[in-house]
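Chemist: sequence first, then the predicted structure:
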Amino acid sequence: MTPDSARLLLSDLGRAAVERASRLDLSPAARLQAAEAVRPLGASLGPLALEQALLRQRAGTKHPRGGELWWTGPALEQASSYDVATWRARRFAGPVLDLCCSVGGDLLALPAGSTGVDLDEARLLLAQANAQVLGVPVSLVRADVTALPLPASADVFVDPARRAGGRRVFDPRAYAPPLPLVLSWRERVRALAVKVAPGVDHEALPPDVEVELVSLRGEVKEAVLWSGALRSGARRTATLLPGRDVLHDDPVPPPAVRPPGDWLLEPDGAVVRAHLVAQVAARVDGWLLDETIAYVGGAAPVPTPFGRWYEVLEVLPFGLKALRERLRAHDAGPLVVKKRGTAVEPEVLRRQLRLTGRREVTVVLTRAAGRQIAMVVRPA
Ligand SMILES: C[S@@+](CC[C@H](N)C(=O)[O-])C[C@H]1O[C@@H](n2cnc3c(N)ncnc32)[C@H](O)[C@@H]1O
């Protein structure tokens, strides 16, 4: 979006146009009629208003007041979820310098008086309007953060762009700004927090940085790198939202490796990515089925927020014929496939099994003591 488009959208005329577009039937089937209905608003404002109405409709999944806020398509994609942003903001005691603020997904959850910096003028205009909607006092600055003097007393948050030309970039050196540069700022400020992709390579990170993996309703959302005064003291942390359950890398003895028991725990993805499976196993008196695989066996389903228990109904060496026979005995039709440490493709397996039964059955494909196994399980 250009700054002029943002200004047009935020004008009285633009706001009225968005209101009008939001009242239309925006379902995919009625999209042509909606485009027709906004045509009298003009060749610029009509499509802008319709796009904004559509973005607001989607934005409810990111922010409880997403339907009132101002977005661009890419800014909505990149915005932190409200639950995650508010959780992260709790560690900051006072105003923060948000060095890649976009339309404010994080900035507006940070303590009052925080400052947002971004290069993109249109996003800053929308961020200002969003601050007004939410009644949050913030300052906004247009600048290139790679050339910004940083006050030594500052608490800094950075969410670098992980997309270039509409595509996701995986190499942290290709983030904008690049991760190595952002991490170097930790030597210049009081505290630094950086949002990165959950697949971040722990080994490549400096040892004075805490990595917090965050999942929301079981989906891993991000890793946050905390340094300086913002560190909790742990090196690795897994946080499960919205329950706010937190697990640290407290020392535990290495878990035993044993064959499957009556119960199987599938740890939350944040636990797995934070390399904290041993800590969960210790809490539930569990063991690993294979020392390289993140499934935990148990004799009983000890309650834990950090994973999901399954009752183990059968364990078989992996083989198509035997699996088909046992699944037919369970009257299996729709098959839920969970897998770790196997190259089997669930879709291919479903086709090969040709199950026609009436019950939805869950099967876990993994390794135990280095050998491929299949387990028929039932979610607890
Ligand atoms: C991933 S988005 C931030 C999203 C934001 N945290 C949110 O939740 O809404 C990254 C932002 O970094 C900005 N950016 C990238 N490089 C920059 C630079 N060198 N200086 C200032 N801003 C930059 C982009 O314009 C973009 O708005």
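Modeler: Okay, I see it.
Chemist: which single residue of this protein ends up nearest the ligand?
Modeler: The chain approaches the ligand most closely through Gly105 (2.3 Å), counting by Cβ to the nearest ligand atom. C-beta coordinates here come from the backbone N, C-alpha and C atoms, glycine included.
Chemist: what residues does that residue make contact with?
Modeler: Lys62, His63, Ala75, Gln78, Ala79, Ser80, Tyr82, Ala85, Asp159 (Cβ atoms under 8 Å, 6 or more residues apart in numbering).
Chemist: just Arg173 next, same as before
Modeler: Leu179, Pro180.
Chemist: any idea of the pLDDT on it?
Modeler: pLDDT for Arg173: 94.
Chemist: partner strands of the helix or strand of the chain with the lowest mean pLDDT, parallel or antiparallel?
Modeler: In the chain, the helix or strand scored least confidently by mean pLDDT, DSSP states H and E is strand 163-164, which has a mean of 84. Partner strands for strand 163-164, per DSSP bridges, with pairing direction: strand 167-168 (antiparallel).
Chemist: I'd like the next helix or strand past the strand it pairs with.
Modeler: helix 179-184 (DSSP states H and E).
Chemist: in terms of secondary structure, what does that following helix contact?
Modeler: Packing contacts for helix 179-184, counted by 3 or more Cβ pairs under 8 Å, 6 or more residues apart in numbering; DSSP states H and E, involve strand 191-196.
Chemist: touching the ligand at all, the least confident helix or strand of the chain?
Modeler: No. Using Cβ under 6 Å from any ligand atom, strand 163-164 stays clear of the ligand, coming no nearer than 7.6 Å.
Chemist: I figured His175 hits Ala164, correct?
Modeler: Check again: residue 175 is Tyr, not His. No. Counting by Cβ atoms under 8 Å, Tyr175 does not reach Ala164; the two are 9.0 Å apart.
Chemist: so the residue most central in space within the chain, which of the three states?
Modeler: Against the mean C-alpha coordinate of the chain, by Cα atoms, centre = their mean, the closest residue is Lys221 at 1.3 Å. In three-state terms, and counting by DSSP: H, G, I helix; E, B strand; the rest coil, Lys221 is strand.
Chemist: contacting residues for it?
Modeler: Ser80, Ser81, Val84, Pro198, Val214, Ser215.
Chemist: ok, and the closest non-adjacent residue to the residue of the chain most remote from its centre?
Modeler: Largest separation from the mean C-alpha position in the chain: Pro40, at 39.7 Å (Cα atoms, centre = their mean). Leaving aside its sequence neighbours, Pro40 sits nearest to Gly46 (Cβ to Cβ, 6 or more residues apart in numbering; 7.4 Å).
Chemist: re the thing from before, isn't the residue farthest from the centre of the chain up against Ala21?
Modeler: No. In this structure Pro40 lies outside contact range of Ala21 using Cβ under 8 Å: 11.6 Å.
Chemist: how about the closest residue in space to Thr61 that isn't next to it in sequence, what does it touch?
Modeler: Nearest residue to Thr61, sequence neighbours excluded (Cβ to Cβ, 6+ apart): Ser81, at 7.8 Å. Residues in contact with Ser81 (Cβ under 8 Å, 6+ apart) are Thr61, Lys62, His63, Leu216, Lys221.
Chemist: may I ask which two of the residues you listed are separated the most?
Modeler: His63 and Lys221 (14.0 Å; Cβ to Cβ).
Chemist: if Ala223 is in a bridge, with which residues?
Modeler: Under the criterion used (DSSP bridges), Ala223 bridges to Val196, Leu213.
Chemist: that one: neighbour count?
Modeler: 23 (other Cβ atoms under 10 Å).
Chemist: enumerate every residue touching it.
Modeler: Ala223 neighbours (Cβ under 8 Å, 6+ apart): Lys195, Val196, Ala197, Pro198, Val200, Val211, Glu212, Leu213, Val214, Arg273.
Chemist: how many neighbours does Ser114 have?
Modeler: 26.
Chemist: and it, how far from Pro160?
Modeler: 18 Å (Cβ to Cβ, to the nearest Å).
Chemist: can you list the residues of the chain near the ligand?
Modeler: Of all the residues in the chain, those lying near the ligand are 78-80, 100, 102-106, 117-120, 123, 144-146, 159, 161, 176-177, going by Cβ under 6 Å from any ligand atom.
Chemist: phi first, then psi, for Leu320.
Modeler: phi -60, psi -40 (degrees, to the nearest 10).
Chemist: touching, it and Leu355? I think so.
Modeler: No. Counting by Cβ under 8 Å, Leu320 sits too far from Leu355 to count as a contact (11.9 Å).
Chemist: neighbour-wise, which of those two wins?
Modeler: Leu355 (17 against 12).
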